[in-house]
Structure formats: structure tokens, C-alpha cells
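Novice: Let's see this in three dimensions:
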Amino acid sequence: MEDCRYEVHAKTAKDLMLREIRQLQRKTEDLEEQHTTLAEKHAWAEKIIESFADEELCVELVKRLRIGDSPQSIAEWLSSTSDMEITARVERHRRSLVENGDLCYWTNVTPIPRLLEHLITLYLTWIHPFHMLFDEGMFISSFESCSDTYCSAALVNAICAMSCCLLTATPNSDEQTDEFVADLKKTS
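Specialist: Sure, this is the predicted structure:
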């Protein structure tokens, strides 16, 4: 004799499967949300721990932790502090370049003043006589005194990018052209 088996109706089985799928989707969404939250908290903790290396920040961090600031608010404070510090350091560096009369004040591509002077000389010799877009004397005066009256980082990077096309002595002039163009895009 064969055993009697009861088979669930196909529609009922399908409904059960759909219900399980929806439950699993909700569970997956909840887990993804928890993962994102944990990743953010981990990033905050990392930022706080790294900041303990700075003695000046250490005192302030301990004070904020003692009064019960959340890790998120401390991490946000650290971000704003580090952004301000970076801006201040960049400004101090630019001021020191101006005070020292360093021509690299105008571009981040090359730290070699002789290369910068050579590229500008190439431009003024071979391109500027045919396409006079600005007064050469006023440009040179502003360039050398690091004044932005008749000179700008965008103009210097554009001049250097065009001059790189005239370079024949260096094998990587195409790379330099690309770097000056990239710096030009940042400064304009």
C-alpha cells in the first residue's frame, strides 16, 4: 500500500515563498542600514583615535569626551578643525612663497623656478608676439612680485601648458603639459 501524501496547493506555496522573499528583503535592507551605520561609527572612531597623536588636540578631545559629546559630534569638530588647519597651512605656505619671491607661488605643478621661468620665456618669445592677449610688461611685473593684479595662477598654468608644446629638451613634456592643464582646471 502506498503512503498517502498531501501536496500543498501551488498558489498557497507561491504565496508562502513570496512572503518569505519579502521578509528576507526587509531583513537585508535592515542589515545594509546597520552596516552603513557601523561603518560611519568606525570612521568616527578612527578619526578620533588618530587625533590623539596630536598633543594639542588630545586635551580638547578628552575634555569633549568627559562632557559626553557623541563620537559623531567630535568627528565633525575634528573635520572642521582639520579643514581650517589645512587652509591656514596653505595660506602660510603661500605667504612664505610671496615673502621669499618664489615664482612657484603661481603653480603647484613644478617646484623648479628655472623651469617655470624657461616656460614663460618660451611663451613670450614664440607665442606672445603673434597672440598678444595681455601686456607683457605688466604681466612680468605682477608675476615677479607675486601680485595678482595682472597675473593669476590660471594664466601662468595656461602659459606653461602651451609652452610645454615647445619643449624639446625633455622627454616627458607631454606629461608636464597634462599636469599644467590639470592645475589650470583647478585654479580657474
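Novice: for stretch 161-170, what is the average pLDDT?
Specialist: Stretch 161-170 shows an average pLDDT of 77 in the prediction.
Novice: Would you mind listing the buried residues in that stretch?
Specialist: 161-164, 167 (16 or more other Cβ atoms under 10 Å). Where you see a C-beta, it was placed from the backbone N, CA and C, and this is true even at glycine.
Novice: Same check on stretch 39-58?
Specialist: 44, 47-48, 51, 57.
Novice: and it, what's its mean pLDDT?
Specialist: The pLDDT scores in stretch 39-58 average 77.
Novice: chain center to stretch 105-124, what's the gap?
Specialist: Chain-centre distance of stretch 105-124: 24 Å, with Cα atoms, centre = their mean, to the nearest Å.
Novice: Can you report how many residues lie near Gly137?
Specialist: Neighbour count for Gly137, taken as other Cβ atoms under 10 Å: 9.
Novice: so how far is Thr121 from it?
Specialist: 15 Å (Cβ to Cβ, to the nearest Å).
Novice: what does Met132 give?
Specialist: 16 Å.
Novice: Can you check which helix is longest in the chain?
Specialist: Determined from DSSP state H, the single longest helix within the chain is helix 10-51.
Novice: What is that one packed up against?
Specialist: In terms of contacts (3 or more Cβ pairs under 8 Å, 6 or more residues apart in numbering; DSSP states H and E), helix 10-51 is packed against helix 55-66, helix 71-99.
Novice: mean pLDDT for the ones you listed: which is lowest?
Specialist: helix 71-99 (a mean of 70).
Novice: how close does Lys63 get to Asp69?
Specialist: Distance, Lys63 to Asp69, by Cβ to Cβ: 9 Å.
Novice: So these two - more neighbours on which side?
Specialist: Ranked by neighbour count (other Cβ under 10 Å), Lys63 and Asp69 place Asp69 first, with 15 against 10.
Novice: quick one: the nearest residue to the more buried one once chain neighbours are set aside from Lys47, how far?
Specialist: Excluding the flanking residues, the one nearest Asp69 by Cβ to Cβ, 6 or more residues apart in numbering is Trp77, at 7.8 Å. Applying Cβ to Cβ, the value for Trp77 to Lys47 is 10 Å.
Novice: likewise Ser163?
Specialist: 43 Å.
Novice: Next: Pro113.
Specialist: 38 Å.
Novice: same question, Leu24
Specialist: Distance from Leu24 to Lys47, by Cβ to Cβ: 35 Å.
Novice: Can you report phi and psi for the closest residue to Ile127 other than its chain neighbours?
Specialist: Take Ile127 and drop its neighbours on the chain: the residue closest to it by Cβ to Cβ, 6+ apart is Met162, 6.0 Å away. With angles defined as degrees, to the nearest 10, Met162 sits at phi -70, psi -40.
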